[in-house]
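Peer 1: Requesting a structural model of the entry that follows:
(chains A and B)
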Amino acid sequence: AQKVTQAQTEISVVEKEDVTLDCVYETRDTTYYLFWYKQPPSGELVFLIRRNSFDEQNEISGRYSWNFQKSTSSFNFTITASQVVDSAVYFCALSGGFSGGYNKLIFGAGTRLAVHP
Amino acid sequence: DVKVTQSSRYLVKRTGEKVFLECVQDMDHENMFWYRQDPGLGLRLIYFSYDVKMKEKGDIPEGYSVSREKKERFSLILESASTNQTSMYLCASSPLAAYEQYFGPGTRLTVT
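Peer 2: Alright, predicted model coming up:
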């Protein structure tokens, strides 16, 4: 069965701190895709990144970076020098793969990040 | 820019009423999805559609049905609303399987 675990329910940091959001996944598929989404207070989910299981290179986009490690089934998200605008709920998700269906996204419960000035 | 719109941001209905939630996307995407979001549970897939008139059940289809008569429009129907269907409902679309999904703003439904 596929599963995504985001163990951190809430994180609170002060502006300019670095913060890492953890994501651990379970799947029996060899081909799968991982995603991160941001849900700001307005409510609309915003796509951040998609990663396939064959690409373990870390990704950096401005202050955002992602660390994908198949050995530990983790796809962690780091925000460097956090800002108040980063305050949101962040979701990690896994595509169903061959056994679950590629159309299906399995979401973690989300991590609420609060960045204080 | 992909645009996914939902018919209402807030909706209040009574127990037993039939409820229609509508979603429209403007990017000619093949796939459309309905999720519900509840605190601590993340997003759970109710139904999805990969083509006009085609649908598949997600993880929690009980109490819901869907309709896709046109490619750009995907409707979620609560045949007889119940209080445990009070939730945030999110619609999404994607061009292909395993591609990123684009979400609408959500409809917060309250059933009293």
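
Peer 1: excluding its backbone neighbours, what's nearest residue 105?
Peer 2: You didn't say which chain, so I picked chain A. A:Ala93 (4.6 Å; CB to CB, 6 or more residues apart in numbering or on different chains). For every residue, glycine as well, the C-beta is placed using N, CA and C.

Peer 1: Wait, chain B was what I had in mind.
Peer 2: Of all residues beyond its chain neighbours, the one nearest B:Pro105 is A:Glu44 (4.8 Å), with distances taken as CB to CB, 6+ apart.

Peer 1: Same check on A:Asn67?
Peer 2: Excluding the flanking residues, the one nearest A:Asn67 by CB to CB, 6+ apart is A:Asn76, at 4.8 Å.

Peer 1: residue contacts, A:Ser53?
Peer 2: The contact partners of A:Ser53, by CB atoms under 8 Å, 6 or more residues apart in numbering or on different chains, come to A:Asp29, A:Thr30, A:Thr31, A:Tyr32, A:Tyr33, A:Leu34, A:Lys70.

Peer 1: picking that back up, right, and the residue nearest to B:Pro105 touches B:Ala92 too?
Peer 2: No. Counting by CB atoms under 8 Å, A:Glu44 stays clear of B:Ala92, with 10.5 Å between them.

Peer 1: Show the model's pLDDT score for A:Gly100.
Peer 2: For A:Gly100, the pLDDT comes out at 63.

Peer 1: Ok, B:Ser7 next?
Peer 2: 90.

Peer 1: Across the sheet, point out what pairs with the most centrally placed residue in chain B.
Peer 2: Chain B has B:Trp34 as the residue nearest its centroid, 2.9 Å off, counting by CA atoms, centre = their mean. B:Trp34 forms beta bridges with B:Tyr47, B:Cys91, as assigned by DSSP bridges.

Peer 1: pretty sure it contacts B:Phe74?
Peer 2: Yes. With contact taken as CB under 8 Å, B:Trp34 and B:Phe74 are classed as touching, separated by 7.0 Å.

Peer 1: shared neighbours, those two?
Peer 2: B:Cys23, B:Val66, B:Cys91.

Peer 1: Go ahead and name everything in contact with stretch B:10-24.
Peer 2: By CB under 8 Å, 6+ apart, stretch B:10-24 touches B:4-8, B:32, B:34, B:72-83, B:89, B:91, B:93, B:104, B:107-112.

Peer 1: Write a ChimeraX command that selects only the buried members of those.
Peer 2: The following ChimeraX line selects those of those that are buried, judged by 16 or more other CB atoms under 10 Å in any protein chain shown:
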select /B:4,6,32,34,72,74,75,76,77,78,81,89,91,93,104,107,108,109,111
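
Peer 1: Sort out for me which of the contacts of stretch B:10-24 are in helices.
Peer 2: Counting by DSSP state H, no part of the contacts of stretch B:10-24 is found in helices.

Peer 1: thinking again about what came up before, what about the residue nearest to A:Asn67, distance to chain B?
Peer 2: For A:Asn76, the distance to chain B equals 17 Å [CB to the nearest CB, to the nearest Å].

Peer 1: The closest residue to B:Arg36 other than its chain neighbours: neighbouring residues, count only.
Peer 2: Ranked by CB to CB, 6+ apart and with sequence neighbours excluded, the top spatial neighbour of B:Arg36 is B:Ser87, at 4.5 Å. Counted with other CB atoms under 10 Å in any protein chain shown, the neighbours of B:Ser87 add up to 20.
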